[in-house]
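[1] model the following, please.
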Amino acid sequence: MTADTARRANLVGALITIFTVICAVLWCFPLYWGVISSLKPEDEVVRPYIELWPETPTLRHYIFALTETQIGTWYINSIVTAVGVTILTVSSSMFAGYAISQLRFPGRRPLWWLILASFMVPTQVLIINHFVLMANMGLLNTWAGIILPQLIHPVAIIVYKQFFDQVPSDFREAAVMDNASELAILFKVYVPMNWGVTTALSIVTFIWAWNAFLWPFLAVTKTEMMTITVGITQVWDAFGVYYARQLTAATLAGLPVALVYLLFQRRVTQAITLSAGIKG
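    Next up is the predicted model:
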């Protein structure tokens with residue numbers, strides 16, 4: 001490599017780095033603004049000019065959110081529903097992916113094509129059907145009513161199927177010769193070889209379920225059954241909207257997801273990469 005080529009490469013690398021930093025700042029600024037505004041008195045939030053730091057920082061809005069609202073109950077509802085959606089989605093997708101990948105049964109190929117086709121159907125299209133079904137079953141305003149319609153994740157089945165396909169057939173044949181059951185083969189052979197996929201999908205599914213708003217908003221009308229994403233819309237006052245309180249509630253709602261992402265960043269990135277590869 002010549003000196004000119006090396007200089008051009010360094011220049012391109014520097015420009016890419018600068019561009020990346022600018023994009024990161026632009027993306028992070030709204031988050032910073034929301035958190036900082038939650039620490040401001042209301043009169044500072046509604047000022048017509050930008051202040052990057054509060055003149056008189058206060059925690060009164062956090063105290064209000066923690067003591068005057070049902071945010072603790074909303075947290076519990078979100079944890080229960082997000083964990084329920086994660087466990088049921090990952091486990092059912094694992095079984096379905098294994099069956100389509102390794103078992104031979106009538107209708108296997110049409111079922112696979114049906115799953116691929118359902119992947120292209122927006123979930124919003126099914127909202128009315130879900131609502132009518134849950135209402136007829138008497139599951140509105142219940143944890144089950146929030147969880148069940150959120151279990152449709154064809155991409156998780158596709159990911160599992162693709163990875164199970166890559167496991168050498170010798171492992172399955174050896175397990176069959178040892179008279180292992182299908183469940184034993186799945187959990188002792190295939191799952192350990194794809195444990196990273198299971199972990200990544202679990203984390204991303206949990207984050208997705210925690211952030212879900214549309215279906216929980218439609219399925220719940222009782223304040224005590226609301227998830228955190230729906231409950232923060234109830235942080236208002238009889239005299240009007242208090243923006244600082246809304247931003248405080250939004251900050252508290254997003255805090256668990258931010259912590260999960262920071263703790264499992266590599267797994268989250270892996271799952272997003274897997275999903276993007278399947279979609280591509």
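[2] quick one, phi psi at residue 48?
    phi -80, psi 0 (degrees, to the nearest 10).
[3] swap that for residue 49, please
    Dihedral angles for residue 49 - degrees, to the nearest 10 - are phi -130, psi 160.
[4] do the same with the one 10 residues further on
    Comment: the main-chain dihedrals of residue 59 come out as phi -110, psi 10, following degrees, to the nearest 10.
[5] where's residue 38 relative to residue 233, distance?
    As for residue 38, its distance to residue 233 is 16 Å (criterion: CB to CB, to the nearest Å). Just so you know, the C-beta spots here come from the backbone N, C-alpha and C atoms, and that holds for glycine as well.
[6] residue 187 now?
    Applying CB to CB to residue 187 and residue 233 gives a distance of 42 Å.
[7] ok, now residue 180?
    51 Å.
[8] start to end distance for stretch 55-63?
    Stretch 55-63 has an end-to-end distance of 19 Å (criterion: CA to CA, to the nearest Å).
[9] ok, and what's touching it?
    38-41, 44, 242, 244-245, 247-248, 252 (CB atoms under 8 Å, 6 or more residues apart in numbering).
[10] where do the helices sit along the stretch 1-150 of the chain?
    Ranges of helices within the stretch 1-150 of the chain are 3-38, 42-45, 60-68, 71-102, 108-118, 127-136, 143-147, based on DSSP state H, counting those that start in this stretch.
[11] low pLDDT regions in the stretch 101-250 of the chain?
    Counting by pLDDT under 70, the ranges of the stretch 101-250 of the chain that qualify are 236-241.
[12] swap in 80 and give it another go.
    Filtered on pLDDT under 80, the stretch 101-250 of the chain yields the residue ranges 119, 152, 194, 196, 234-243.
[13] how many residues are close by residue 242?
    Counted with other CB atoms under 10 Å, residues neighbouring residue 242 total 17.
[14] how close does it get to residue 57?
    For residue 242, the distance to residue 57 - CB to CB - is 17 Å.
[15] go ahead and flag the most central residue of this protein.
    Closest residue to the average C-alpha location of the chain: residue 208 at 1.8 Å, with CA atoms, centre = their mean.
[16] elements contacting the helix or strand containing it?
    In this structure, residue 208 sits in helix 195-211 according to DSSP states H and E. Counting contacts by 3 or more CB pairs under 8 Å, 6 or more residues apart in numbering; DSSP states H and E, helix 195-211 packs against helix 71-102, helix 154-165, helix 228-231, helix 243-263, helix 265-279.
[17] and the ones you listed, which is most packed in?
    Stretch with highest mean neighbour count among the helices and strands packed on helix 195-211: helix 228-231 (a mean of 24; mean count of other CB atoms under 10 Å).
[18] from the chain's centroid, how far away is that one?
    15 Å (CA atoms, centre = their mean, to the nearest Å).
[19] helices and strands around it, which ones?
    helix 71-102, helix 195-211, helix 214-219, helix 243-263.
[20] show me what counts as buried in stretch 187-197.
    189-191, 194, 197 (16 or more other CB atoms under 10 Å).
[21] one step back: for residue 218, find the nearest of the helices of the stretch 1-150 of the chain.
    Among those, the nearest to residue 218 by CB to CB is helix 127-136 (5.8 Å).
[22] elements contacting the closest one?
    Packed against helix 127-136 by the contact rule (3+ CB pairs under 8 Å, 6+ apart) you find helix 214-219.
[23] contacts for the helix it packs on, please.
    So helix 214-219 is contacted by 81, 124, 127, 130-131, 134, 140-141, 145-146, 149-150, 226-227, 229-230, 233 (CB under 8 Å, 6+ apart).
[24] burial count for residue 25?
    Considering only other CB under 10 Å, residue 25 is surrounded by 10 other residues.
[25] got it, and residue 264?
    Neighbours around residue 264, by other CB under 10 Å: 19.
[26] check contacts around residue 48.
    So residue 48 contacts nothing (CB under 8 Å, 6+ apart).
[27] no further queries at this time; thank you.
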